[in-house]
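Q: any chance you could fold what I've pasted below:
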Amino acid sequence: MIYTITLNPALDRTLFLDDLKYEDANRVKKEERFAGGKGIDVSRVLTHLSVPNKALVFLGGYVGMEIEGLLLNEGIHTEVIKLSEETRTNVILDLEENKQQVIINAKGPEVQPQELSAFFERINDMEDPWMVTFNGSLPPNTNPAFYSRAIELVKQKGAFVFLDSDSKNLEEGIKGKPDFIKPNIHELSRLCGKELKELPDIVAAAKDIIRKGVKIVIVSMGAKGVIYVSEDDVITAMPPKVKVVNTIGAGDSSIAGFIYAKYNKMTNEEAVKYAVAAGTATTLQEGTALASKEEIISILKDITSSKL
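A: As a prediction, the model looks like this:
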C-alpha cells in the first residue's frame with residue numbers, strides 16, 4: 001500500500017476575480033473549494049492514475065469535516081486523526097486580467113501531545129506499507145525532529161520513504177534517512193546555505209545529501225525541468241514549452257508521477273519523465289485543480305531526457 005501523510009492540511013478556497021483593486025470592492029466571479037495539502041495532492045493525482053493509496057491526515061472542526069467530505073467525494077481513501085482545533089483555510093486569489101495568483105496561507109492549528117501520540121500509534125499499525133510520503137509543513141510548534149523519528153519508524157516497517165518539505169523540517173527529516181527527497185531548486189539552496197544555479201553545483205549538493213544516507217534526490221526547477229541524482233546516476237528531463245496557468249500542486253503532482261512509474265516497475269529515466277509530465281500537466285489547470293491521467297500521457301511524448 002502507498003500512504004501519503006499530510007500533517008498540516010487546509011481547505012483551499014480559490015476566488016476568481018478580474019483584478020485586485022485596493023481600497024475598493026472586489027467582486028468574485030467564481031469560487032471553488034478544494035481539500036488542500038501536499039500529501040493530499042499526491043493522493044489525488046495517484047487516484048487519477050488509478051494507483052491504490054491511502055491519505056493519512058490530521059483534521060479538526062467543521063473545516064476538517066468539509067475536507068473529509070470533499071476527499072470522500074473524489075474517491076480518495078482517507079484516514080483521519082481527529083484534532084481538537086479547527087483545520088486551517090487558505091485563500092487563493094486568481095486574477096484573470098494579469099494571469100497572477102495571490103496565495104494567503106493560514107498558520108494552522110496546534111496539535112496536542114496526545115494527538116501526536118495517536119499519529120505514531122497509527123503509523124506503527126500500518127499494514128504492508130510499500131511507499132510512504134511525508135509532505136509539507138508541520139503544524140505550528142511541532143518539533144522538526146518529528147519528521148526524522150516518523151521516517152525512522154516507517155523504514156523499520158520495510159517501506160520506502162519520500163520526504164518533501166523545506167527548511168528546518170527538511171534538514172531534520174534527512175536525519176531519518178528517507179529514500180527519496182524532492183526539493184525544488186530554492187529549497188535545495190536553502191538546505192545547502194548557498195544559491196545553486198549551475199548543473200555541476202546542483203549535482204554536487206545532491207551528492208553531499210546522498211552521503212548522509214538519502215538514496216535519491218530529485219530537484220525540480222520549474223520550466224527548466226527535473227534533475228534526478230543517485231549514487232550511480234544523474235538524469236535530467238525537460239518539459240515542453242507550455243502556457244503556465246497555475247503552479248499550485250505541480251511539485252506534488254511530480255511526486256505522484258514518479259511513484260506511478262515506479263509502482264509500474266518502469267526505469268528511473270521513465271520515472272523522471274513521468275514526474276515532469278505530471279508536474280507540467282498540473283500547471284495547465286485553473287485554481288488548485290490537478291492533472292488527469294489523459295493529460296499526463298499526452299504531455300509525456302514531448303518530454304526530453306538524458307543520462308549524464
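Q: tell me the contacts of residue 102?
A: The contact partners of residue 102, taken as Cβ atoms under 8 Å, 6 or more residues apart in numbering, are 20, 92-93, 95. Any C-beta I mention is one placed from the backbone N, CA and C, and that applies to glycine too.
Q: kindly report the same for residue 65.
A: Going by Cβ under 8 Å, 6+ apart, residue 65 touches residue 59.
Q: distance of it from residue 85?
A: If you measure residue 65 against residue 85 using Cβ to Cβ, to the nearest Å, the figure is 13 Å.
Q: kindly report the same for residue 202.
A: When residue 202 is compared with residue 85 (using Cβ to Cβ), they lie 39 Å apart.
Q: those two: who's more crowded?
A: Comparing residue 202 with residue 85 by neighbour count (other Cβ atoms under 10 Å), the higher total belongs to residue 202, at 22 against 17.
Q: may I have the phi/psi pair for the more buried one?
A: Listed backbone geometry of residue 202 is phi -70, psi -50, with angles given as degrees, to the nearest 10.
Q: isn't it up against residue 188?
A: Yes: distance between residue 202 and residue 188: 7.0 Å, which falls inside the contact criterion (Cβ atoms under 8 Å).
Q: chain neighbours aside, what residue packs nearest to residue 40?
A: With Cβ to Cβ, 6 or more residues apart in numbering as the criterion, residue 40 has its nearest non-adjacent residue at 5.1 Å, and that residue is residue 6.
Q: test my guess that the one you found contacts residue 54.
A: No: the pair residue 6 / residue 54 is not scored as a contact, 11.6 Å apart, by Cβ under 8 Å.
Q: determine which two of the contacts of residue 102 are furthest apart.
A: Comparing all pairs in those by Cβ to Cβ, the longest separation belongs to 20 and 92, at 12.1 Å.
Q: more neighbours, those two?
A: Using other Cβ under 10 Å, the more surrounded residue of residue 20 and residue 92 is residue 92, with 21 against 14.
Q: list the buried residues in whichever strand or helix holds that one.
A: Here residue 92, judged by DSSP states H and E, is contained in strand 88-95. Of the residues in strand 88-95, 88-90, 92-95 count as buried by neighbour count, 16 or more other Cβ atoms under 10 Å.
Q: and those, which is closest to residue 70?
A: Nearest to residue 70 among the buried residues of strand 88-95 is residue 89, at 12.6 Å by Cβ to Cβ.
Q: what's the closest one in contact with, if anything?
A: Taking Cβ under 8 Å, 6+ apart as the contact definition, residue 89 lies against 10-11, 13, 63, 106.
Q: could you flag which of those are buried?
A: In those, burial by neighbour count holds for 10-11, 13, 63, counting by 16+ other Cβ under 10 Å.
Q: in terms of neighbours, single out the busier of residue 6 and residue 54.
A: The residue with more neighbours, out of residue 6 and residue 54 and counting by other Cβ under 10 Å, is residue 6; that gives 28 against 19.
Q: next one: phi and psi at the residue most central in space within the chain?
A: Per Cα atoms, centre = their mean, the C-alpha nearest to the average position across the chain is that of residue 252, at 3.2 Å. In this entry, residue 252 is assigned phi and psi values of phi -70, psi -40 (degrees, to the nearest 10).
Q: what's the angle between the worst-scoring helix or strand of the chain on mean pLDDT and strand 88-95?
A: Every helix and strand of the chain was ranked by mean pLDDT, DSSP states H and E. The lowest is strand 100-104, at a mean of 87. Relative orientation of strand 100-104 with respect to strand 88-95: 160 degrees, computed using axes from the mean of the first three to the mean of the last three Cα atoms, to 10 degrees.
Q: and strand 100-104, which strands flank it?
A: Strands adjacent to strand 100-104 in the sheet, as given by DSSP bridges, are strand 88-95 (antiparallel).
Q: can you give the distance of the partner strand from its chain's centre?
A: 18 Å (Cα atoms, centre = their mean, to the nearest Å).
Q: for residue 170, see how far away the residue nearest to the centre of the chain is.
A: Between residue 252 and residue 170 the computed distance is 15 Å (Cβ to Cβ).
Q: how far away is the nearest residue to residue 67 once chain neighbours are set aside from residue 208?
A: Take residue 67 and drop its neighbours on the chain: the residue closest to it by Cβ to Cβ, 6+ apart is residue 35, 4.5 Å away. Residue 35 is 36 Å from residue 208, where distance means Cβ to Cβ.
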